[in-house]
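Q: my questions concern the predicted model and sequence given below.
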Amino acid sequence: MDSYIDIHSHILPQIDDGAENFEMSMKMLHIAKENGICGIILTPHNKPMHHNASPGTIQNLIKKLEMELLHSKVEIQLYAGNEIYYRSDILEMLEEGKACTMAGSSYVLMEFGPMDDFEHIRRGLYKVLSGGYRPIIAHIERYRNICAKEERVEELIEMGCYVQVNAGSIMGQYGLGTKNFAKRLLRERQVHFVATDAHDADKRKPDIGSCVRYISRKYGDAFARALVYENPVHVIKNEYI
């Protein structure tokens, strides 16, 4: 397997803590292509009390990157999205078109604070589910109060949520505890997506190839393919996983 789709990235320039400029965005896209990534959902942060890029701004930046990719003869399909930090008016934001779902689908990439109470997280996810959306929990391995009890991830999945883990977490980039938790989720098949969460072209670059090879060796090619290609395709096509 040598084609992947990255559902979590911060490649768009100058609108969050990701790419600092257009040049860095293009460098990141070239790195992504070298890693076998054929499609990317671009998910800039959307946070309360921040000046967030509008969906229109996101689409315009994507068009500029697409033109440069065409000029460079680099074939990567780009899609609009957001990593939305949960707040009480999230449904109003989505319904009013103030934030992007994933590639225009009913899937929503959701972020919480690393120390948020589990009940706060669960209630927030339930609210989004009740609005007819399908929440994807961004980098679930970062939330201490989810990691505290093994059965909590299963509970969220049974509610109808989906789980995304960062490739860097699996490969030990964020410490041994995070690595072990991410690998436990993989063993128990409690992960639906592995993504880069790329922010730059150096320490947090869009490098996923080595992680996919590890998952293939350890857990099988079919599971690896589901995490980095088949499930992302379902998101883009707005299909159930």
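A: It's in.

Q: what's the first helix or strand after the helix or strand where residue 92 lies?
A: Here residue 92 sits within helix 90-95, counting by DSSP states H and E. Using DSSP H and E, the next helix or strand after helix 90-95 towards the C-terminus is strand 107-111.

Q: now that following strand - C-alpha only, CSV.
A: Coordinates of each C-alpha in strand 107-111 appear next as CSV, following Å, rounded to 0.1, in the frame of the first residue of the first chain:
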residue,chain,number,x,y,z
TYR,A,107,-18.2,14.3,9.7
VAL,A,108,-16.8,16.9,12.1
LEU,A,109,-13.2,16.9,13.5
MET,A,110,-13.5,17.9,17.2
GLU,A,111,-10.9,19.0,19.7
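
Q: residue 197 contacts residue 173, correct?
A: No. If you go by CB atoms under 8 Å, residue 197 and residue 173 don't touch, sitting 10.2 Å apart. C-beta: built from backbone N, CA, C; applies to glycine.

Q: so what sits against both of the two?
A: Counting by CB atoms under 8 Å, 6 or more residues apart in numbering, the common neighbours of residue 197 and residue 173 are residue 166.

Q: which of those two has more neighbours?
A: Between residue 197 and residue 173, counted using other CB atoms under 10 Å, the more crowded position is residue 197 (23 against 15).

Q: ok, the more buried one to residue 21 distance?
A: Applying CB to CB, to the nearest Å, the value for residue 197 to residue 21 is 20 Å.

Q: now find how far off-centre the lengthiest helix in the chain is within its chain.
A: Scanning the chain for the longest helix, with DSSP state H as the assignment, gives helix 55-72. Relative to the centre of its chain, helix 55-72 is centred 19 Å away, using CA atoms, centre = their mean, to the nearest Å.

Q: helices and strands around whichever helix or strand comes after that helix, which ones?
A: Downstream of helix 55-72, the first helix or strand assigned by DSSP H and E is strand 77-80. On a contact count with 3 or more CB pairs under 8 Å, 6 or more residues apart in numbering; DSSP states H and E, strand 77-80 meets strand 37-42, helix 55-72.

Q: show residues contacting the shortest one.
A: This means strand 37-42. 3-12, 29, 32, 58, 62, 75-81, 102-103, 109, 206, 208, 232, 235-236.

Q: in PyMOL, how would I select just the buried ones from those residues?
A: The following PyMOL line selects those of these that are buried, judged by 16 or more other CB atoms under 10 Å:
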select buried, resi 4+5+6+7+8+9+10+11+12+29+32+58+62+76+78+79+80+81+102+103+109+206+208+232+235+236
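
Q: report the secondary structure state of residue 190.
A: coil (DSSP: H, G, I helix; E, B strand; the rest coil).

Q: that one: what's it in contact with?
A: Applying CB under 8 Å, 6+ apart, the residues contacting residue 190 are 153, 154, 157, 163.

Q: strands paired with the host helix or strand of residue 194, and their directions?
A: Secondary structure from DSSP H and E places residue 194 in strand 193-195. Each strand paired with strand 193-195, and its direction, by DSSP bridges: strand 162-166 (parallel).

Q: now do the partner strand: distance to the chain's middle.
A: So, by CA atoms, centre = their mean, the centroid of strand 162-166 is 7 Å from its chain's centroid.

Q: can you tell me what sits against that strand?
A: The contact list for strand 162-166 (CB under 8 Å, 6+ apart) reads 7-8, 107, 109, 134-141, 153, 156-157, 173-174, 182, 185-186, 190-197, 231, 241.

Q: check what pLDDT the closest residue to residue 239 other than its chain neighbours gets.
A: Counting by CB to CB, 6 or more residues apart in numbering, residue 239 lies nearest to residue 233, which is 8.0 Å off, once chain neighbours are set aside. pLDDT, residue 233: 98.
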